[in-house]
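[1] build me a structure from this.
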Amino acid sequence: MSDAAAPRQGPLSHVRVLDLSRIMAGPWATQILADLGADVIKVERPEVGDDTRSWGPPFLKDEHGQATGEAGYYLAVNRGKRSITLDIASEEGKETVRRLAATSDIVVENYKVGTLRRYGLDYDALKQINPGLIYVSVTGFGQSGPRKAAAAYDFAIQAMGGLMSVTGERDGMPGGGPQKVGVPIVDIMTGMYTAIGALAALARRGETGQGDYIDLAMLDVQTAFLANQAMNWLVSGKPPVRGGNRHPNIQPQDVFPCADGSIVLAVGNDGQFAKLATILGQPVWASDERFATNPARVRNHGELDPLLRAALAGRSRDAVIAELDAAGVPCAPINTVPEVFADPQVQHRGLLRDLPHPSAGRVPQVVSPLNFRNEPLAFDRAPPLLGQHTDEILQEIGLA
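    Okay, the predicted model is just below:
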């Protein structure tokens, strides 16, 4: 049975998405929609495809142990889709995109501003074919403004959008200086906002019958999710600075060395702090006016921090975590990526799956964290080979 013939499952099984995006932000959004059951048609350049196919090593290996040419980066964001190769600069390619748009509910694209307008594939052109179309343009800086034509990547937006100014160890400390987040968080968050915006427009279309156009910029997203750090500055006038792992508003929240490894403490209220103090053999801390309340602990962090470090330094990491867990004090070991997938809770939740793959036999996938009782998700399409579904998609729209 072909992918097209296999019935889709999930709350979006009635939805078709035309994916004109590449790299990370757009494909992350369309993978979310695919996981939810949408039929996502990924349009790629002939012979080359999505840039991320070559962003390796590592590359997936086939059943003979040879590299397939599909990088882990590509495999992380393209599950559940069908791939068609088109030259959208050609008349045939443009006409094919128009036919696909005519039967699609959502289009996601991340071309430079104005590119698809030159090809007659912008929202204003495609809505003439399909008035109910929801069209999302994802760019670095948006469709307007002095930087609208500039290219952008996640790393640059983390820097420009203030994230790196509050991420990393303090100046003057070992390893001090700005740091990027260890995953492409701006791309991922932009993909999340893309999916949310598209679904909101889809819900509205159910009421009005009209589609919509969504202009989404990575810099806007990064600015929006500065969250508490932005508000800290807005209400205090003091620019946030890097504090390492220390939380700027809640204490104690930091990394603390034990005798055989480190733990994270994420104490969130005064009751949890009192339990922590008792477990560490210092119940008087909970009534000490310097530490009794969270605002006091934040103000007196310089006095509290060395006391905590001294109390934990001789403790076994696993033993103290067990005590804190039993008392309901939030804490955690600092797991490596392999340790994450060995965690019994992660294994129980079934986040790691193997999907059938046409050249490798099987491909591992970290699947959606969404769990629906009435519309369970099915993970049945591996990230596609380049152009894997070209023939069947063309046949569906009546082209040879």
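[2] what bits of the stretch 1-150 of the chain have low per-residue confidence?
    For the stretch 1-150 of the chain, applying pLDDT under 70 flags the ranges 1-6.
[3] quick one, helices of it?
    25-35, 72-75, 91-102, 115-118, 123-129 (DSSP state H, counting those that start in this stretch).
[4] okay, those helices, which one's buried deepest?
    Burial of these is given as mean neighbour count (mean count of other C-beta atoms under 10 Å); helix 25-35 ranks first at a mean of 27. The C-beta positions use only the backbone N, C-alpha and C, and glycine is treated the same way.
[5] residues near residue 322, how many?
    Neighbourhood size, residue 322 [other C-beta atoms under 10 Å]: 12.
[6] which among the helices of the stretch 1-150 of the chain is found nearest to residue 360?
    Residue 360 lies closest, by C-beta to C-beta, to one member of the helices of the stretch 1-150 of the chain: helix 72-75, at 9.7 Å.
[7] hmm, back to that, among the helices of the stretch 1-150 of the chain, which is nearest residue 237?
    Shortest distance between residue 237 and these, using C-beta to C-beta, is found for helix 25-35: 32.8 Å.
[8] other SSEs contacting the closest one?
    Applying 3 or more C-beta pairs under 8 Å, 6 or more residues apart in numbering; DSSP states H and E, one finds that helix 25-35 contacts strand 16-20, strand 39-44, strand 81-85, strand 106-109, strand 134-139, helix 185-208.
[9] distance of the residue nearest to residue 281 when sequence neighbours are not counted from residue 355?
    Closest residue in space to residue 281, ignoring its immediate chain neighbours: residue 311 at 6.9 Å, by C-beta to C-beta, 6 or more residues apart in numbering. Counting by C-beta to C-beta, to the nearest Å, the gap from residue 311 to residue 355 is 47 Å.
[10] I'd like to know how far residue 297 sits from residue 383.
    Counting by C-beta to C-beta - residue 297 and residue 383 are separated by 47 Å.
[11] my error: substitute residue 100 in the last question.
    Distance from residue 100 to residue 383, by C-beta to C-beta: 20 Å.
[12] same check on residue 267?
    41 Å.
[13] ok so, going back, reformat the helices of the stretch 1-150 of the chain as TSV; add distance to residue 12.
    Below are these laid out as TSV (distance: least, C-beta to C-beta, whole Å):
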stretch	distance to residue 12
helix 25-35	6
helix 72-75	22
helix 91-102	17
helix 115-118	24
helix 123-129	20
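[14] show me the one of those helices that comes nearest residue 304.
    Of the helices of the stretch 1-150 of the chain, nearest to residue 304 by C-beta to C-beta is helix 25-35, at 39.6 Å.
[15] tell me the phi and psi of residue 308?
    Backbone torsions of residue 308, given as degrees, to the nearest 10, read phi -60, psi -40.
[16] does it really touch residue 256, like I thought?
    Yes: under the criterion of C-beta atoms under 8 Å, residue 308 is in contact with residue 256, at a separation of 6.1 Å.
[17] where do the contact lists of those two overlap?
    Among the neighbours of residue 308, those also in contact with residue 256 (C-beta atoms under 8 Å, 6 or more residues apart in numbering) are residue 265.
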